[in-house]
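Student: give me a model of this one.
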Amino acid sequence: MTGGGLKRSLGLYPTLMISIGAMIGSGIFVLPAIGFVEAGPSVVLAYLLAAVVVLPAALSKAELGTAMPESGGDYLYIERALGPLAGTIAGIGAWFSLTFKSAFALVGLGAYLVLLLPLGATQITLAGLGLAVLIVGLNISGTELTGQAQAVVVTVVLVGLFAYVTNAAWLAGTGAEAADPSRLSGMTETEPGVIFTAAALVFVSYAGVTKIASVAEEVKNPDRNLPRGILGSLAVMSVVYLGVISSIVVLNSPVELEEGGEGGHGASLTPMADGAEALFGGFGVPIVAVVAVVALLSMANAGVLSSSRFPLAMSRDDLLPDSLGTIDPRFKTPRNSIALTGAMLLGLIAFVPVITLAEMASAFIIFVLSMINIALIAFREADLDTYDPAFRAPGYPIIQIVGTIAGFAMIARLGTLPILGAAGITAGGAVIYFVYGRKRATGTSALETIRRRRRGEESSEDVIAVRND
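Tutor: Have a look, this model is predicted:
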């Protein structure tokens, strides 16, 4: 590997902001109206249910992160726990999924950008490409700089969201016509199955909560900061989502949310701006549009930062070419891995209907998070001497089993196309493993350790499945 290891430059606050930044995006500014079409005002409960379902994976990731504070996140844990085939599938899928999310964010901000500037479709695409190049350059120039920029941006966005919720609550309290709290009535009367389906649709909103683990190698004091960053960001965003989604429902009529899309067809893609005219002294729409653009940029930046670490980790295990493990000697960042991610990002923005791809990838995000719970169970049952996490997930193994079952149940609710998309990514990862990585893969997984022990072939002391720094 060229240039040595990565620099631990991220403290607790930047760690929190990177994780939160990966969640502040389409989940707030685009998806609420789509969820409202499915569940009406019960979309508020759908966001809460999605947070509950993602909690087991967050707890599992917090434990695994302190045991293996290296770059790679989902790939690293699943590969060490379940073997290189499962790890390759998880790594490729997580890389694609996060890159799709970043591209979706940069294209999706176009709906808000046209509220500020008279841009055509071609100009919006060019703006997305330019912003993508800027984000890639920022990531190559240094994680510390990226983390600092992320902290500033996310802080500003959180302040804007707090002001949005506060203004909406004040208007509702004064009885203003623009904010009608009765629109939340009937929230608990929707059938549980409908709420569960809506939760599956908006689940991707929380996908960023565990992505900070993919840059664990660059986090200072990971034993302390990783669990606090993962669980703290989930707690913060659960409150933010409940406040913002409730405000959106209060500020917008059902017709606006369900039919406010382009040309009056489909759900609105700018739900926060649609009912914002009464906020901020009548300047609500442009203010919300600015906040949305900044937030979606933050989400795209966090996605590139996280997703680029998957090819890096896989190259270290000889499952992808060595060149992707190159560390820039000046900036101490995985230059080639970031560049590859950037190239994929530019291609998606320019040529691919990203919304469709993002929907397909969401099923795989749920699948990977469910596999994280299984990975934790494998490590615990293997009882490896080398597995020594500083944080232990509570409620083991009940929480992990429930989280896994709930995750697969959500995948079934997403429909045929997302399931086929996840299946395609799975097949692609398997092909890469059998064509390139199978002959190069080394090491023994926790699952294989369990199998060998049951056959009486090898003890856990003879296996090194975890590589701590």
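
Student: could you use CA atoms for every contact and neighbour count after this?
Tutor: OK.

Student: and the pLDDT at residue 261?
Tutor: We have a pLDDT of 69 for residue 261.

Student: list the buried ones in the helix or strand residue 137 falls within?
Tutor: Residue 137 belongs to helix 121-141 when elements are defined using DSSP states H and E. In terms of neighbour count (16 or more other C-alpha atoms under 10 Å), helix 121-141 has its buried residues at 124-125, 127-129, 131-132, 135-141.

Student: residue 66: which of those is nearest?
Tutor: Nearest to residue 66 among those is residue 139, at 24.1 Å by C-alpha to C-alpha.

Student: got the contact list for that closest one?
Tutor: Contacts for residue 139 (C-alpha atoms under 8 Å, 6 or more residues apart in numbering) come out as 146, 301, 304, 305, 333, 338.

Student: okay, the last one and residue 190: tell me how far apart.
Tutor: If I follow you right, that is residue 338. Here residue 338 is placed at a distance of 44 Å from residue 190 (C-alpha to C-alpha, to the nearest Å).

Student: the two: who's more crowded?
Tutor: Between residue 338 and residue 190, counting by other C-alpha atoms under 10 Å, residue 338 is the more crowded of the two (25 against 15).

Student: quick one: low-confidence ranges for the stretch 1-150 of the chain?
Tutor: 1-7, 9, 71-72, 142-148, 150 (pLDDT under 70).

Student: do a quick rundown of the helices in the stretch 1-150 of the chain.
Tutor: For the stretch 1-150 of the chain, applying DSSP state H, counting those that start in this stretch gives helices covering 12-23, 26-29, 31-39, 43-67, 74-82, 84-113, 121-141, 143-174.

Student: any idea which of the ones you listed gets closest to residue 266?
Tutor: Taking C-alpha to C-alpha, helix 31-39 is the member of the helices of the stretch 1-150 of the chain nearest to residue 266, at 8.5 Å.

Student: just how off-centre is the closest one within its chain?
Tutor: Distance of helix 31-39 from its chain centroid, counting by C-alpha atoms, centre = their mean, to the nearest Å, is 19 Å.

Student: what does stretch 271-290 give?
Tutor: That offset, for stretch 271-290, works out to 27 Å (C-alpha atoms, centre = their mean).

Student: which residues touch it?
Tutor: Contacts for stretch 271-290 (C-alpha under 8 Å, 6+ apart): 28-30, 32-33, 112-113, 115-116, 160, 164, 167-168, 178, 248, 251-252, 256-257.

Student: next, the distance between the ends of it.
Tutor: 14 Å.

Student: what are the buried residues along that stretch?
Tutor: Buried-residue list, stretch 271-290, by 16+ other C-alpha under 10 Å: 271-280, 284-290.

Student: cool, stretch 165-180 as well?
Tutor: So for stretch 165-180, counting by 16+ other C-alpha under 10 Å, buried means 165, 166, 167, 168, 169, 171, 172, 178, 179, 180.

Student: same question for stretch 311-325.
Tutor: Under 16+ other C-alpha under 10 Å, the buried positions of stretch 311-325 are 311-320, 322-325.

Student: nearest to residue 384, of those residues?
Tutor: residue 317 (19.9 Å).

Student: now for the spatially closest residue to residue 8 that is not a sequence neighbour, how many residues are close by?
Tutor: Of all residues not flanking residue 8 in the chain, residue 218 sits nearest, at 3.9 Å (C-alpha to C-alpha, 6 or more residues apart in numbering). For residue 218, the neighbour count with other C-alpha under 10 Å is 25.

Student: do the same with residue 398
Tutor: 11.

Student: okay, the nearest residue to residue 183 once chain neighbours are set aside and residue 313: tell me how far apart.
Tutor: Excluding the flanking residues, the one nearest residue 183 by C-alpha to C-alpha, 6+ apart is residue 250, at 5.7 Å. Counting by C-alpha to C-alpha, the separation of residue 250 from residue 313 is 45 Å.

Student: next: residue 294.
Tutor: The spacing between residue 294 and residue 313, counted by C-alpha to C-alpha, is 30 Å.

Student: and if you look at residue 319?
Tutor: From residue 319 to residue 313 the distance is 9 Å (C-alpha to C-alpha).

Student: now residue 428
Tutor: 18 Å.

Student: give me the below-cutoff pLDDT ranges for the stretch 351-469 of the chain.
Tutor: 353-359, 361, 457-469.

Student: what ranges does it have for its helices?
Tutor: Using DSSP H, counting those that start in this stretch, helices in the stretch 351-469 of the chain cover 354-382, 398-413, 416-432, 446-455.

Student: can you put those helices in JSON lines and add distance to residue 225?
Tutor: Formatted as JSON lines, the helices of the stretch 351-469 of the chain follow (distance: least, C-alpha to C-alpha, whole Å):
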{"stretch": "helix 354-382", "distance to residue 225": "19"}
{"stretch": "helix 398-413", "distance to residue 225": "22"}
{"stretch": "helix 416-432", "distance to residue 225": "31"}
{"stretch": "helix 446-455", "distance to residue 225": "25"}
